[in-house]
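> how would this look folded up:
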Amino acid sequence: MQVTMVFVDGLGLGEADRELNPVLSARTPFLDEVLGKEGLTRGAGTWETEAAVVVPTDSRLGVPGLPQSATGQAALLTGQNAASYMGRHVNALPTSRLKKFINNYSLFKQLVKAGFRVTFINAYRDEFFVDMPAGRYRPSVTTVAVMSAGLPFRTMADLAAGEAVYHDITNETLGERGYQVEKVEPELAGARMAAIARDYDYALFEFFLTDVVGHKQDRVRAEKTVETLDRFLGSLVRNTNLDRRLILVASDHGNIEDLTTNTHTTNPVPTIFFGLDPGWRGLLAKKVRSLVDIAPLIVTFLYEGRNQAEGMKRGAY
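Got it, this is the predicted structure:
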């Protein structure tokens with residue numbers, strides 16, 4: 001069994017009010033079909049359908065103040081309470097102390113050490129490979145987590161070859177930066193991600209435009225961003241063998257679901273499970289209460305899959 005994870009920055013479970021919540025007012029045919037609109041609202045609780053389970057997940061981690069990206073993402077990708085360790089929620093990019101914490105507990109590092117095949121699907125711009133060694137680039141949590149495991153980063157050449165996905169899914173922001181790249185429809189990006197992930201036990205993609213547009217309180221851009229994500233996820237799910245692979249969607253804190261504020265929110269975030277049979281999904285859902293539960297669940301799930309495969313070879317299943 002394998003895991004594909006889509007990390008969506010700044011996606012919370014908000015009010016069931018289309019005027020406040022662009023997650024509801026956006027056109028999302030895929031999520032409507034598999035979850036229904038009610039499944040992505042704060043009052044719905046754990047929401048189970050024939051295709052998926054949504055689990056409201058705590059992002060506050062027992063620390064006062066608004067949840068923030070650096071500590072929230074660190075909690076997601078380590079299984080440790082980074083906010084408690086730091087004594088506060090740390091916004092944006094990790095500090096030196098938090099980077100050491102991520103290096104120690106990185107999910108990527110744990111999985112590589114255990115012999116699992118792991119990859120980060122996002123493509124990095126050319127300047128990253130110059131600025132990072134020169135110390136002119138302050139890395140994100142995901143970048144630190146990947147480096148902790150000694151994994152390679154995907155390049156613009158990989159993107160052009162269909163072997164990576166850019167963080168905005170469509171490559172539009174690359175064009176704005178002067179890169180001569182083709183615009184990619186979200187459906188093609190989702191299919192490419194599914195194809196790349198087939199060769200790995202754990203594959204991660206990061207999408208953070210949801211947080212960017214949430215801060216801007218721009219309804220038109222917010223709805224477009226949610227619609228792009230819906231099309232991407234629909235294609236990813238359709239192009240994935242869900243008998244053997246779990247697709248997990250997770251977030252670090254709320255933001256885009258409430259356009260009345262330009263800050264993060266204290267809303268729970270959705271953890272969504274697609275794939276496998278309903279029994280498996282239900283069992284996994286019961287193990288998630290906060291951000292720190294995600295990484296241990298992935299590790300346990302992958303070990304269980306490995307044990308089953310070895311048992312089948314021995315004739316134990």
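
> CA only for contacts and neighbour counts going forward, please
OK.

> in three-state terms, label the closest residue to Val54 other than its chain neighbours for me.
Nearest residue to Val54, sequence neighbours excluded (C-alpha to C-alpha, 6 or more residues apart in numbering): Ile272, at 4.5 Å. Classification of Ile272 by DSSP: H, G, I helix; E, B strand; the rest coil places it in strand.

> run through the bridge partners of Ile272.
Bridge pairing for Ile272 (DSSP bridges) gives the partners Val54, Val249.

> burial count for it?
Counted with other C-alpha atoms under 10 Å, residues neighbouring Ile272 total 26.

> the most centrally placed residue in the chain bridge partners, please.
With distances taken as C-alpha atoms, centre = their mean, Phe7 lies nearest the centre of the chain, 0.9 Å away. As for beta bridges, Phe7 partners with Glu206, Ala250 under DSSP bridges.

> would you confirm that it contacts Phe205?
Yes: Phe7 lies in contact with Phe205 (C-alpha atoms under 8 Å); the separation is 6.1 Å.

> wait, doesn't Ala203 sit right on Asn122?
No: using C-alpha under 8 Å, Ala203 makes no contact with Asn122, being 10.1 Å away.

> neighbour-wise, which of those two wins?
Asn122 (26 against 23).

> mind listing what that one touches?
Going by C-alpha atoms under 8 Å, 6 or more residues apart in numbering, Asn122 touches 153-154, 164-167, 205-206.

> Phe205 too?
Counting by C-alpha under 8 Å, 6+ apart, Phe205 has contacts 5-7, 120-122, 165, 167.

> now Pro186
Pro186 neighbours (C-alpha under 8 Å, 6+ apart): 169-170, 228-229, 231-232, 235.

> mind saving the C-alpha coords of stretch 235-242 as PDB?
What follows is stretch 235-242, C-alpha atoms only, in PDB (Å, rounded to 0.1, in the frame of the first residue of the first chain):
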ATOM      1  CA  SER A 235      -8.000  14.100 -12.100                       C
ATOM      2  CA  LEU A 236      -5.500  12.800  -9.500                       C
ATOM      3  CA  VAL A 237      -8.200  10.500  -7.900                       C
ATOM      4  CA  ARG A 238      -9.500   9.300 -11.300                       C
ATOM      5  CA  ASN A 239      -5.900   8.400 -12.500                       C
ATOM      6  CA  THR A 240      -4.900   6.600  -9.300                       C
ATOM      7  CA  ASN A 241      -5.300   3.000  -8.500                       C
ATOM      8  CA  LEU A 242      -7.300   3.400  -5.300                       C
END
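
> can you list contacts of it?
In contact with stretch 235-242 (C-alpha under 8 Å, 6+ apart) are residues 186-188, 190-191, 193-195, 247, 274-276.

> likewise for stretch 274-282?
Taking C-alpha under 8 Å, 6+ apart as the rule, stretch 274-282 contacts 50-53, 237, 242-248, 273.

> if we use 10 Å, what do you get?
Contacts to stretch 274-282, defined as C-alpha atoms under 10 Å, 6 or more residues apart in numbering, come from residues 1, 3-4, 34, 48-55, 237, 240-249, 272-273, 284-285, 301.

> before we move on, what about stretch 132-142?
Contacts of stretch 132-142 (C-alpha under 10 Å, 6+ apart): 7, 69-77, 92-95, 98-99, 102-103, 106, 108, 120, 122, 127-131, 144-148, 204-206.

> just for the stretch 201-317 of the chain, where's the confidence low?
309-317 (pLDDT under 70).

> how about 50 then?
Scanning the stretch 201-317 of the chain for pLDDT under 50 picks out the ranges 312, 317.

> need the strands for it, in chain order.
Along the stretch 201-317 of the chain, the segments classed as strands by DSSP state E, counting those that start in this stretch run 202-207, 245-250, 269-274.

> packing partners of the second one?
On a contact count with 3 or more C-alpha pairs under 10 Å, 6 or more residues apart in numbering; DSSP states H and E, strand 245-250 meets strand 2-8, strand 52-57, strand 202-207, helix 219-238, strand 269-274, helix 294-314.

> out of those, nearest to Asn262?
Closest of the helices and strands packed on strand 245-250 to Asn262 is helix 219-238, at 11.9 Å (criterion: C-alpha to C-alpha).

> list the buried ones in stretch 279-296?
281-282, 284-285, 288-296 (16 or more other C-alpha atoms under 10 Å).

> nope, stretch 56-63 is what I meant
56-61, 63.

> can you give me the end-to-end distance of it?
Distance across stretch 56-63, first residue to last, is 18 Å (C-alpha to C-alpha, to the nearest Å).
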